[in-house]
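J.: quick one: sequence plus predicted model below, questions after.
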Amino acid sequence: MTAGPDASQVRELFAAFRRVDNDTNFFEAGLTSHALVQVLEGLRELGLELALVDLYRFPTVRALLSELARRGAFDGGGSASRTELPWASPGP
Amino acid sequence: MTASDDWFIPLADPASALAHLYALPQAGAGCTAFAGCADLVAPDLALWGLNLPGRQARLAEPPCTALPLLLDQMASVVGERGPWFLFGYCSGALLAFLLARLLRAAGRNGPARLLVASYPAPDLARPPAGMHELPPGEFWKEIMSYGGVPASVAAQPDFREIFEPALRADYQLLAGYEYVDEAPLDVPVTVVVGDKDPVLRPEDINGWSRHTTGPVRFRSVPGGHWLLDDALADVAGALREATR
């Protein structure tokens, strides 16, 4: 059994674009959706399958790691969260 | 730093800045629209990006679709630090203009200069009235026809889910916009426009000079409509020059 990716590897993917600590909100750090898509590709290379919306719903390294742990995803699993925001309704 | 409900987010360290630039983005966008720009105008100029609810750092909050409410919120924050400037990009330019008018009406100090990019003069602006009510298919066809969305982002399966509420809210925000005649502002204005902007006519740009008694500068930069993508360095250069 090989060791999964660690927290610092995940953090580094974000920090390659903007200054990001464990509790920095990705958007307040200035990470654009374009940058986040590139982070997403890096996460996939680490074996972490996430959807873009996951980075919006868990927008700090700490929140994301915690969600990944909850999904048991440090071994690569996990699927996109489907929880609806309370105010989000589909268009007419 | 964790997510806050602050209306403006500093995208570079404001501590050593000589002046502050409050920046309002295009429809559907948030503070990150100005991240690249903030880097290029730092450290003398601290750029603060408008942090709207219903997106990005404030995704969990419902978006704001009431124009007077949004203007009041922005008015309560801008100018806390001085000297300060106001910059509006695309429809953010109209919001910036309306904010400057509101500050004047409230007897407050306005920005040292109003900077606008890629948008017609306020009396010629015609924000789409029914856009926010279009069914999703038509709505997205229209949005994608405007360009400005990176292909890698548009290719994400959850792309529409993430961006649709904020886009619809921002179109709703300006859907009822009608120009109201008032005395021109007295602040200097800089107008930045792409030399290949496919939608702006010369009169749209020149019309800004009717809206101030102060000096007006026009800066044409090489690019189309989405100047923060096409001509970021030129826009940042224009911002630096205009805020000296």
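T.: Perfect, I can see it now.

J.: from now on I want contacts and neighbour counts done on CA atoms only, so please keep to that.
T.: Fine.

J.: any idea how far residue B:61 lies from residue B:51?
T.: 11 Å (C-alpha to C-alpha, to the nearest Å).

J.: nope, residue B:83 is what I was after
T.: 21 Å.

J.: out of the two, which sits in the busier spot?
T.: Between residue B:83 and residue B:51, counting by other C-alpha atoms under 10 Å in any protein chain shown, residue B:51 is the more crowded of the two (27 against 15).

J.: on that earlier part again, what touches both of residue B:61 and residue B:51?
T.: Shared contacts of residue B:61 and residue B:51, defined by C-alpha atoms under 8 Å, 6 or more residues apart in numbering or on different chains, are absent.

J.: what sits closest to residue 62 if chain neighbours are left out?
T.: Chain wasn't specified; assuming chain A. residue A:22 (5.2 Å; C-alpha to C-alpha, 6 or more residues apart in numbering or on different chains).

J.: I was thinking of chain B, sorry if that wasn't clear
T.: residue B:54 (4.9 Å).

J.: contacts only, for that neighbour.
T.: Residue B:54 touches B:60-64, B:165-166, counting by C-alpha under 8 Å, 6+ apart.

J.: neighbour-wise, give me the winner out of the residues you listed.
T.: residue B:166 leads those on contacts (other C-alpha under 10 Å) with 25 neighbours.

J.: separation between residue B:121 and residue A:65?
T.: Taken as C-alpha to C-alpha, the span from residue B:121 to residue A:65 is 47 Å.

J.: more neighbours: these two, which one.
T.: residue B:121 (22 against 19).

J.: ok, now which ones touch the more buried one?
T.: Neighbouring residues of residue B:121 by C-alpha under 8 Å, 6+ apart: B:204-208, B:211.

J.: show me where chain A has its helices.
T.: A:7-15, A:33-45, A:52-57, A:61-70 (DSSP state H).

J.: between these, which gets nearest to residue B:226?
T.: helix A:33-45 (14.9 Å; C-alpha to C-alpha).

J.: what sits against the residue most central in space within chain B?
T.: With distances taken as C-alpha atoms, centre = their mean, residue B:92 lies nearest the centre of chain B, 2.5 Å away. Counting by C-alpha under 8 Å, 6+ apart, residue B:92 makes contact with B:23-27.

J.: and of those, the nearest to residue B:223?
T.: residue B:26 (16.5 Å).

J.: point out where chain A drops to low pLDDT.
T.: For chain A, the stretches with pLDDT under 70 are A:1-4, A:73-92.

J.: what residues does it have near chain B?
T.: A:23-34, A:37, A:51-53, A:56-57, A:59-60, A:85, A:87-88, A:91-92 (C-alpha under 8 Å from any C-alpha of the partner chain).

J.: those helices in chain B, which residues are they?
T.: Under DSSP H, chain B gives helices at B:35-41, B:67-75, B:91-105, B:136-145, B:151-154, B:159-175, B:202-206, B:227-230, B:232-242.

J.: turn these into CSV, columns for mean pLDDT.
T.: CSV is the format used below for these (pLDDT from 0 to 100):
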stretch, mean pLDDT
helix B:35-41, 98
helix B:67-75, 97
helix B:91-105, 98
helix B:136-145, 97
helix B:151-154, 96
helix B:159-175, 97
helix B:202-206, 98
helix B:227-230, 96
helix B:232-242, 97
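
J.: in ChimeraX, how would I select the buried members of the residues of chain A next to chain B?
T.: To isolate the buried members of these in ChimeraX, using 16 or more other C-alpha atoms under 10 Å in any protein chain shown:
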select /A:24,25,26,27,28,29,30,31,32,33,37,51,52,53,56,57,59,60
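
J.: so how far is chain A from the most far-flung residue of chain B relative to its centre?
T.: Computed with C-alpha atoms, centre = their mean, the residue of chain B farthest from its C-alpha average is residue B:157, at 27.6 Å. Residue B:157 sits at a distance of 8 Å from chain A (criterion: C-alpha to the nearest C-alpha, to the nearest Å).

J.: could you measure from that residue over to residue A:51?
T.: 8 Å.

J.: so which residues on chain B come close to chain A?
T.: Going by C-alpha under 8 Å from any C-alpha, the residues of chain B near chain A are B:1-3, B:9-11, B:31-35, B:56-57, B:59-62, B:133-136, B:150, B:152-153, B:156, B:158-159, B:162, B:165.

J.: pull the contacting residues for residue B:128.
T.: Residue B:128 neighbours (C-alpha under 8 Å, 6+ apart): B:171, B:174-175.

J.: give me that answer again for 7 Å
T.: Contact analysis of residue B:128 by C-alpha atoms under 7 Å, 6 or more residues apart in numbering or on different chains lists residue B:175.

J.: so what touches stretch B:23-41?
T.: For stretch B:23-41, using C-alpha under 7 Å, 6+ apart, the contacting residues are A:27, A:30-32, B:9, B:11-12, B:46-52, B:55-56, B:86-92, B:96, B:163, B:166-167, B:170-171, B:232, B:236, B:240.
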